[in-house]
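Visitor: Let me see the structure of the following:
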Amino acid sequence: MALFCSSIIKRVVVPKLTRKLVGCHLHTCASRHAAAPPDDGSHLWLSSFGGGAVDLTKDDVSGLAVLTLNNPERLNAVTGNMMLQLADIVNDLKEWKGGKALIVHGKGHTFCTGADLNMVRNMLDSKHGREMCAFMHKTLTELHRLPLISVTAIDGPAIGGGAELCTATDFRVMTEQAHIRFVQALLGIVPGWGGGTRLTRLVGRTRALDLLSSGRAISPEEAVEMGLANWMIPTGHDVVEATTDWVQKYTKGKPEVVRAVKNVVVAGAEMSLEESLAEEAEQFVNVWGGPAHQEAMLRNARHKK
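Guide: Down below sits the predicted model:
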């Protein structure tokens, strides 16, 4: 579970809207309804904590999706309804065969300040805490494993659960005014969305212990130095546009190749040696002789003439 500072939060109610898909190459998904959870209906109680939205835009031409945490009145704090929407979107992206990359960002000049405080105040019992933890743990693990090159574009604070969320993508880029802060220990808890484990694997045991125990803010410069962030967005640039340009160096290939590369890396990071080698061989077979392979062979043959 993640909390954020209550002194800067105002209580608002954002009307629920239905999710819609635009029937062209550019799909805009405003997942403002209580979407189905990734496993069963046991978490639908989260929909009673409404407000905000998680929006998704998919471009079938570029293979780029943009996921936006849309609750700016509450600094993009994640409500229960948004948790359900996020799970729905992750499941949707898993099935997007033309997808190559995903950008995750927050609306306005804030990334995310964690779980909505109004929701947290009403679910301090261990049962609901355990269920919410398990739900977000699974959702962010699935996000981390998506066969897309994923990057979090952090503009402003990423606090508590927001800090955990940004560890669930492959890369992180930050503006000069951004910072990452794991405040959980200062609030009497620990990361509950898998962020502690992912942080430790990103920066190592000693640095993770420092960041999780102190709760101090991590500047973009320090984040890049320790490997938590990968690039600082130049001042004056639009965050999503700059991140789109930055991620293109990883998405030049065809979707099936980009996705196969990501699957190989996920297997290498999470599976046993034997399982990872088997998965790598399977991904190899899937793309061998495919359109991208044949085109590359033709180009190579022409270059030798």
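Visitor: which residues in the stretch 151-300 of the chain form helices?
Guide: For the stretch 151-300 of the chain, the helices defined by DSSP state H, counting those that start in this stretch occupy 161-166, 195-203, 205-214, 220-226, 239-247, 255-270, 273-287, 291-304.
Visitor: Deepest-packed of those, please.
Guide: Comparing those by mean neighbour count (mean count of other Cβ atoms under 10 Å), helix 161-166 comes out on top with a mean of 30. C-betas here are computed from N, CA, C, even on glycine.
Visitor: quick one: which of the helices of the stretch 151-300 of the chain is nearest K94?
Guide: K94 sits nearest to helix 255-270 of all the helices of the stretch 151-300 of the chain, at 10.3 Å, using Cβ to Cβ.
Visitor: what residues does that closest one touch?
Guide: Residues outside helix 255-270 that contact it (Cβ atoms under 8 Å, 6 or more residues apart in numbering) are 63, 97-101, 144-149, 170, 201, 250-251, 253, 275-276, 279-280, 283-284, 286-287, 290, 292.
Visitor: returning to what we had before: could you dump the helices of the stretch 151-300 of the chain to a markdown table with distance to Q184 and mean pLDDT?
Guide: Compiled in a markdown table, those are given as follows (distance: least, Cβ to Cβ, whole Å; pLDDT from 0 to 100):
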| stretch | distance to Q184 | mean pLDDT |
| --- | --- | --- |
| helix 161-166 | 8 | 98 |
| helix 195-203 | 8 | 98 |
| helix 205-214 | 7 | 98 |
| helix 220-226 | 18 | 98 |
| helix 239-247 | 26 | 98 |
| helix 255-270 | 24 | 96 |
| helix 273-287 | 31 | 95 |
| helix 291-304 | 43 | 81 |
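Visitor: Ok, which of the ones you listed comes nearest H105?
Guide: Per Cβ to Cβ, nearest to H105 of the helices of the stretch 151-300 of the chain: helix 239-247, 6.1 Å.
Visitor: other SSEs contacting that closest one?
Guide: Packed against helix 239-247, as judged by 3 or more Cβ pairs under 8 Å, 6 or more residues apart in numbering; DSSP states H and E, are the following elements: strand 64-70, strand 101-106, strand 149-154, strand 171-174.
Visitor: For this protein, give me the ranges with low pLDDT.
Guide: Filtered on pLDDT under 70, the chain yields the residue ranges 1-42, 301-305.
Visitor: L86 - that's part of a helix, no?
Guide: Yes - the assignment for L86 by DSSP: H, G, I helix; E, B strand; the rest coil puts it in a helix.
Visitor: Could you tell me how many residues sit around it?
Guide: 26 (other Cβ atoms under 10 Å).
Visitor: residues touching A242, list them.
Guide: Contacts for A242 (Cβ under 8 Å, 6+ apart) come out as A153, V173, I233, P234.
Visitor: I misspoke; the intended subject was N230.
Guide: Residues in contact with N230, defined by Cβ under 8 Å, 6+ apart, are V151, F171, R172, V173, V224.
Visitor: before we move on, what about A153?
Guide: By Cβ under 8 Å, 6+ apart, the residues touching A153 are I103, V104, H105, F111, V173, I233, V239, V240, A242, T243.
Visitor: quick one: which of the residues you listed is nearest G194?
Guide: Nearest member of these to G194, counting by Cβ to Cβ, is V104, at 15.0 Å.
Visitor: looking at the helices and strands packed on helix 239-247, which is closest to I218?
Guide: Of the helices and strands packed on helix 239-247, nearest to I218 by Cβ to Cβ is strand 171-174, at 9.3 Å.
Visitor: So in that sheet, which strands flank the closest one, and in what orientation?
Guide: Looking at strand 171-174 with DSSP bridges, its partner strands are strand 149-154 (parallel), strand 231-232 (parallel).
Visitor: So what touches the last one?
Guide: By that I understand strand 231-232. When contacts are defined by Cβ under 8 Å, 6+ apart, strand 231-232 is touched by residues F171, V173, M174, T175, E176, P220, E221, V224, W246.
Visitor: my guess is the fifth one meets H237, correct?
Guide: Read that as E176. No - contact criterion Cβ atoms under 8 Å: E176 and H237 do not qualify, at 10.5 Å.
Visitor: For the nearest residue to V78 once chain neighbours are set aside, grab the count of nearby residues.
Guide: The shortest distance from V78 to any non-neighbouring residue, by Cβ to Cβ, 6 or more residues apart in numbering, is to A115 (5.5 Å). Neighbour count for A115, taken as other Cβ under 10 Å: 28.
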